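Trainee: have a look at this fold, sequence not included:
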């Protein structure tokens, strides 16, 4: 009877009957299924009081379940098949243990299933086959015997697609609330040479007003990687998310197919836009002629009376929605470093780099040398391998040698067969100089790779600081002056637009200088961490005395102020236009009769600007609220030390500053929120691909592209507010 009693079948395993020596009675014992540590309960054969009391005292919740189940079964010894869970590991008389499973819609069943997918399959990148693993199912039965394990097909066909669809819809809602969206994109190939197009978006989260980086897609990209095919696929992605009119900047690397793709999607020169506008106007006129309508110049009357500055503001407002492609700053910076190293490859610099590569290779291939190295330097030191595609890898390799190793000990273990990787004192000194030259480049690369902090504002100050650094190093180094010279030359060449804007080099009117976009200058000014302090420290001019240099710097500051004010006015004009359109649409939706406009959208903007100008001239406008007045107050506050919010050391101090002062500088605030969200590099999408390599590790190479896309979306957005 004891082996088939309800309490033992419910809460115990390994039931045994024992013969007690020198005792007429027998005892039986069983192991509790719910105790953290293995615990056997014994009792006189024929009774189960001890087993029942153990459940009541140590496992109150389980005891309540047992009591409910006992009252619902009139004959406990006659059990139905639905009461049995799975073969038991015990050797009881029945070989089965009764368990009442959760129903499919039971909250506990749903919670465990969702947690398993969210934290194990997505969060820890565990294989989906885990849910069918025998050991894992045994583990689940210990945690909760009533939980019914899912099948792999349930995970891949229902659970993951459902979580993906829900997350995608929530992401679309987040993007719908944004006025501007910046994107990064690139193409990546996995271990089996399947190509994937990744696109990340960078926006302000309305919940906490912080910069967020989210993955839009990492989808299979079939066919050749031509610019036109990349452009078409990218257009499909942004249309799917409803952000075609919200994308202002897109950051890619400098690959030729990316340049071609986004010169098609995002034309940079406004001349092309103007030609498109003229073509569109011609088409409208042609349509009007076909309809028999008279074409007049009535609309052009609105342009009369505008001075040059006002017309420029209007044109900027009309083109403010034009989209632009920006180069990845870190990639361009590494190209500049590569130019310098390549130009000096035949000198002593190239020799020590080659020897460092050989040292790293031998250390990772020779067991004998590895043993000697560990005896001399310990087991926690090594020399990382350099990689042409990994930023700063050459500097990291050289720095690990000069910082972590001792020259004398290294040469001692390099005797005999390893003499080729020993260093002379002069070579060691040269390597230390190379590290001191390249260190700021490595710091700049790391500084601009963040996706949750403002990075676009660091571009101009960083480039000018590196230029100053190279000027100083040119006077102090002894062995690598050629490297310094080549780095300086390449830096000016690849970031010429920055130096031209600061009047440090002459402009080449025949070609567009790289990094000439005014976004970089405005971002630096609107970040209170940088403001215009870099002008006083790093803007230089050759052959100028102190007084002339001071005037030169003041002219640069005036240019920056005018640029920010001009852009703020244009953004304000666009903001007023959007508000007017919103009011008009609200009126139309409320049942009011919609009056068709006689002039196109562009002329309505001109009319709005003229009305604003006339109000200011008549004294109706508030001059203290203009963008110029706000800029003046902004400069006074920062130069006077008014910015004392305790945020200077915070990674998100720029956004905290503007959120705090949104009402104080409303026009500048709108401009800052649009500009500071732009990432400086394509590192966010590169980081996505690194996670993809973890998910598609070698023993998971057969994972389908469809499931991989969904797992990538859930993994990369797991900390986003819309998935919580």
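Mentor: Received, thanks. Remember, predicted model here, so these are calculated numbers, not experimental data.
Trainee: tell me where this structure has strands.
Mentor: 12-19, 26-32, 40-44, 84-87, 96-98, 181-189, 195-205, 210-220, 247-252, 324-327 (DSSP state E).
Trainee: mind putting those strands in CSV, distance to residue 175 and mean pLDDT included?
Mentor: Backbone N, C-alpha and C define where each C-beta goes, glycine included. Shown next, in CSV, are the strands of the chain (distance: least, C-beta to C-beta, whole Å; pLDDT from 0 to 100):
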stretch, distance to residue 175, mean pLDDT
strand 12-19, 54, 82
strand 26-32, 53, 85
strand 40-44, 59, 82
strand 84-87, 46, 45
strand 96-98, 51, 54
strand 181-189, 6, 93
strand 195-205, 7, 92
strand 210-220, 9, 92
strand 247-252, 10, 91
strand 324-327, 19, 88
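Trainee: mind giving me TSV with the ones you listed and columns for distance to residue 403?
Mentor: Listed next are the strands of the chain as TSV, based on distance: least, C-beta to C-beta, whole Å:
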stretch	distance to residue 403
strand 12-19	58
strand 26-32	57
strand 40-44	59
strand 84-87	58
strand 96-98	61
strand 181-189	32
strand 195-205	34
strand 210-220	32
strand 247-252	33
strand 324-327	32
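Trainee: my read: residue 462 touches residue 445, true?
Mentor: No - checked against C-beta atoms under 8 Å, the pair residue 462 and residue 445 is beyond contact range at 9.4 Å.
Trainee: now the helices for the stretch 1-150 of the chain?
Mentor: 6-11, 49-58, 60-71, 107-115, 134-143 (DSSP state H, counting those that start in this stretch).
Trainee: out of those, which is closest to residue 20?
Mentor: Across those, residue 20 has its closest neighbour in helix 49-58 (15.4 Å, C-beta to C-beta).
Trainee: report the inter-axis angle for that closest one versus strand 26-32.
Mentor: Using axes from the mean of the first three to the mean of the last three C-alpha atoms, to 10 degrees, the inter-axis angle of helix 49-58 relative to strand 26-32 is 30 degrees.
Trainee: avg pLDDT for helix 49-58?
Mentor: Across helix 49-58, pLDDT averages out at 85.
Trainee: if we can go back for a sec, can I get the strands of the chain in TSV including distance to residue 638 and mean neighbour count?
Mentor: Formatted as TSV, the strands of the chain follow (distance: least, C-beta to C-beta, whole Å; neighbours: other C-beta atoms under 10 Å):
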stretch	distance to residue 638	mean neighbour count
strand 12-19	72	16
strand 26-32	69	19
strand 40-44	74	16
strand 84-87	69	14
strand 96-98	72	20
strand 181-189	25	22
strand 195-205	22	22
strand 210-220	21	22
strand 247-252	26	24
strand 324-327	26	21
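Trainee: burial count for residue 666?
Mentor: Residue 666 is flanked by 16 other residues according to other C-beta atoms under 10 Å.
Trainee: just residue 691 next, same as before
Mentor: Residue 691, neighbours per other C-beta under 10 Å, totals 16.
Trainee: tell me how far stretch 153-164 lies from the chain's centre.
Mentor: 25 Å (C-alpha atoms, centre = their mean, to the nearest Å).
Trainee: mind checking the end-to-end distance for that stretch?
Mentor: By C-alpha to C-alpha, to the nearest Å, the extent of stretch 153-164 from end to end equals 16 Å.
Trainee: so for it, what's the average pLDDT?
Mentor: For stretch 153-164, the per-residue pLDDT averages 93.
Trainee: could you do stretch 542-558 as well?
Mentor: pLDDT averaged over stretch 542-558 gives 85.
Trainee: in that stretch, what's buried?
Mentor: For stretch 542-558, a neighbour-count test (16 or more other C-beta atoms under 10 Å) marks 552-553, 556 as buried.
Trainee: what is the least confident helix or strand in the chain?
Mentor: Across the helices and strands of the chain, mean pLDDT, DSSP states H and E gives its lowest value to helix 270-290, namely a mean of 39.
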